[in-house]
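Asks: coordinates only, sequence not included:
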């Protein structure tokens, strides 16, 4: 398995291919439905974002609360399609990687090709397993949104699969075809 | 007449919420273990291995199996000879959910209005289903339902002339459209018959039945097997990355319906299909 780091530089992002299994380490951000809405509204109003999106990786997750002495609770991915309306705007501002699960829209894939962004799949429903990779968890903004707050996570060896690469290859299509044709 | 204090209902629901979210039922874990052995796709096998590691870790570390600890679906089968005392039953159910989700460090995933949104902050209200049955006991089932899979569910008012093929085609269409979104491998609950609303409830109830059991009517038990086989031939596979294991179970529940109709509902669930019950 290939080891990669976040923030994710453009060159590494472009080298990844759909179907690659990778271990991601470094700083990433959490955001989902309500957080995305707020970030895009802020951009529309010409306001500064609470994070620097350049080469950033966003994890679509709303974790369970952390128990005392623990960094985070269960923390698996949520369905990415609900962020499709917002993702291209964030890519334009430098977003380099997205972690979630499930299909993306044609518009998102086109924007990924244009801006050089990668879509990673984390295993949906494996929240306990994925929580073990999270070593730091710092709230950054939108704390009133509870589980949907924007946080910065430090992750170590987070197991991911490249689902859609920056050339638009899609594992949901090719993986299934390859399996059925083997 | 047997009196039951609603405080007891609250306590039981509190515990059931926590336990359902930490420990996967044995029918699900057994099915996952078996599918891991039988899976012939390389990446698919890796993914199933991680899924097994996940539920094992959840159990040993007491972490929720999935971060979507769901809407708290609470089913009460109430014996007709029971009289509840000590307060309001619905309040007791919601108090139990509130306490369980707080004490169990479970995620609060409920908004107070479907359009205006706004998190209620305590995962209430519960989705409460009550049914009056014979006797003086109460069966309490808590089934936390995640929405990645719930969002992929569908209902169709089929015509009687669509026949059994209409049902098969509809179920397979729903699976196809769901694809990787509901975190496959999935559990598929199918309701056939009743009215529009009863049919959807049948599909949800089908998800409460262990997947190592079958419909008591041989015709539908065969249909369960056939649909599972067909779903697993789609090649969608674990997480939609391709493979043999797209579903680990299909459960069908049926009831009488109108001469003019054949409603069919498909309620999709994932490999974290949670349900825990207790009879008092």
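Replies: Structure's in. What do you need? Just so it is clear, the structure is predicted and the values come from calculations on it, not from any experiment. Residues are numbered from 1 along each chain as shown, chains lettered A, B, ... in the order given.
Asks: Not counting its neighbours along the chain, what's nearest residue 117?
Replies: You didn't pick a chain, so chain A it is. residue A:91 (4.9 Å; CB to CB, 6 or more residues apart in numbering or on different chains). Every C-beta, even on glycine, is put in place using the N, C-alpha and C of the backbone.
Asks: Correction: the question concerned chain B.
Replies: Using CB to CB, 6+ apart, the nearest residue to residue B:117 is residue B:111, at 4.6 Å.
Asks: Kindly report the same for residue A:120.
Replies: Nearest residue to residue A:120, sequence neighbours excluded (CB to CB, 6+ apart): residue A:160, at 4.1 Å.
Asks: name the helices or strands packed onto the helix or strand hosting that neighbour?
Replies: Taking DSSP states H and E as the definition, residue A:160 sits inside strand A:150-164. When contacts are defined as 3 or more CB pairs under 8 Å, 6 or more residues apart in numbering or on different chains; DSSP states H and E, strand A:150-164 sits against strand A:21-30, strand A:118-121, strand A:134-141, helix A:171-181.
Asks: Distance from it to the middle of the chain?
Replies: Distance of strand A:150-164 from the chain centroid (CA atoms, centre = their mean, to the nearest Å) equals 7 Å.
Asks: coming back round to it: so which of the helices and strands packed on strand A:150-164 is the most packed in?
Replies: Most buried of these, by mean neighbour count (mean count of other CB atoms under 10 Å in any protein chain shown): strand A:118-121, with a mean of 27.
Asks: what's the offset of it from the middle of its chain?
Replies: The answer for strand A:118-121 is 7 Å, by CA atoms, centre = their mean.
Asks: Give me the residues contacting that strand.
Replies: A:8, A:13, A:16, A:22, A:24, A:77, A:80, A:96-101, A:104, A:108, A:112, A:160-166, A:171, B:180, B:239, B:241 (CB atoms under 8 Å, 6 or more residues apart in numbering or on different chains).
Asks: Let me see the mean pLDDT of it.
Replies: Strand A:118-121 shows a mean pLDDT of 98.
Asks: That one - which strands sit beside it in the sheet, and in what orientation?
Replies: Partners of strand A:118-121 in the sheet, by DSSP bridges, are strand A:97-100 (parallel), strand A:150-164 (antiparallel).
Asks: As a markdown table, those strands with mean neighbour count would be great.
Replies: Output for those, formatted as a markdown table (neighbours: other CB atoms under 10 Å in any protein chain shown):
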| stretch | mean neighbour count |
| --- | --- |
| strand A:97-100 | 26 |
| strand A:150-164 | 22 |
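Asks: Compile the ones you listed into CSV and extend it with columns for mean pLDDT and distance to residue B:201.
Replies: Listed next are the strands paired with strand A:118-121 as CSV, based on pLDDT from 0 to 100; distance: least, CB to CB, whole Å:
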stretch, mean pLDDT, distance to residue B:201
strand A:97-100, 98, 31
strand A:150-164, 97, 35
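Asks: Turn these into JSON lines, columns for distance to residue B:81.
Replies: JSON lines is the format used below for these (distance: least, CB to CB, whole Å):
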{"stretch": "strand A:97-100", "distance to residue B:81": "50"}
{"stretch": "strand A:150-164", "distance to residue B:81": "52"}
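Asks: To residue B:134, which of these lies closest?
Replies: strand A:97-100 (47.4 Å; CB to CB).
Asks: Low-confidence stretches in the stretch 1-150 of chain B?
Replies: Judged by pLDDT under 70, the stretch 1-150 of chain B has no weakly predicted residues.
Asks: quick one: the helices in it?
Replies: Ranges of helices in the stretch 1-150 of chain B, per DSSP state H, counting those that start in this stretch, are B:6-22, B:26-38, B:42-61, B:89-103, B:147-150.
Asks: now the ones you listed as TSV including distance to residue A:140 and mean neighbour count?
Replies: Shown next, in TSV, are the helices of the stretch 1-150 of chain B (distance: least, CB to CB, whole Å; neighbours: other CB atoms under 10 Å in any protein chain shown):
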stretch	distance to residue A:140	mean neighbour count
helix B:6-22	27	22
helix B:26-38	36	16
helix B:42-61	26	20
helix B:89-103	25	21
helix B:147-150	25	22
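Asks: Out of those, which is closest to chain A?
Replies: For chain A, the closest of those is helix B:42-61, at 3.8 Å, according to CB to the nearest CB.
Asks: hmm, back to that, my read: the residue nearest to residue A:117 touches residue A:110, true?
Replies: No. Judged on CB atoms under 8 Å, residue A:91 makes no contact with residue A:110 at a distance of 10.1 Å.
Asks: on that earlier part again, right, so of the helices and strands packed on strand A:150-164, which gets closest to residue B:258?
Replies: Nearest to residue B:258 among these is helix A:171-181; the distance by CB to CB comes to 38.8 Å.
Asks: Report the angle between that closest one and helix B:42-61.
Replies: Angle, helix A:171-181 to helix B:42-61, by axes from the mean of the first three to the mean of the last three CA atoms, to 10 degrees: 120 degrees.
Asks: pLDDT averaged over helix A:171-181 - what is it?
Replies: Averaged over helix A:171-181, pLDDT sits at 96.
Asks: residue contacts, residue 77?
Replies: The chain I'm using is chain A. By CB under 8 Å, 6+ apart, the contact list for residue A:77 reads A:59, A:60, A:61, A:99, A:100, A:101, A:121, A:122, A:123, A:124, A:130.
Asks: sorry, should have said chain B
Replies: B:131, B:133, B:138, B:139, B:141.
Asks: What's opposite the second one in the beta bridge?
Replies: For residue B:133, the residues forming beta bridges with it (DSSP bridges) are residue B:79.
Asks: what about it, how many neighbours?
Replies: 13 (other CB atoms under 10 Å in any protein chain shown).
Asks: does it really touch residue B:76, like I thought?
Replies: No. Using CB under 8 Å, residue B:133 is not in contact with residue B:76, being 9.8 Å away.
Asks: joint contacts of these two?
Replies: Common contact partners of residue B:133 and residue B:76 (CB under 8 Å, 6+ apart): residue B:139.
Asks: Could you give me the buried positions within the helix or strand where residue B:253 lies?
Replies: Using DSSP H and E, residue B:253 maps to strand B:247-257. The neighbour-count check on strand B:247-257 (16 or more other CB atoms under 10 Å in any protein chain shown) flags B:247, B:248, B:249, B:250, B:251, B:252, B:253, B:254, B:257 as buried.
Asks: Quick check, pLDDT for the fifth one.
Replies: The one in question is residue B:251. Residue B:251 carries a pLDDT value of 98.
Asks: Pull the contacting residues for it.
Replies: Per CB under 8 Å, 6+ apart, neighbours of residue B:251: B:187, B:188, B:189, B:190, B:206, B:207, B:209, B:211, B:215, B:224.
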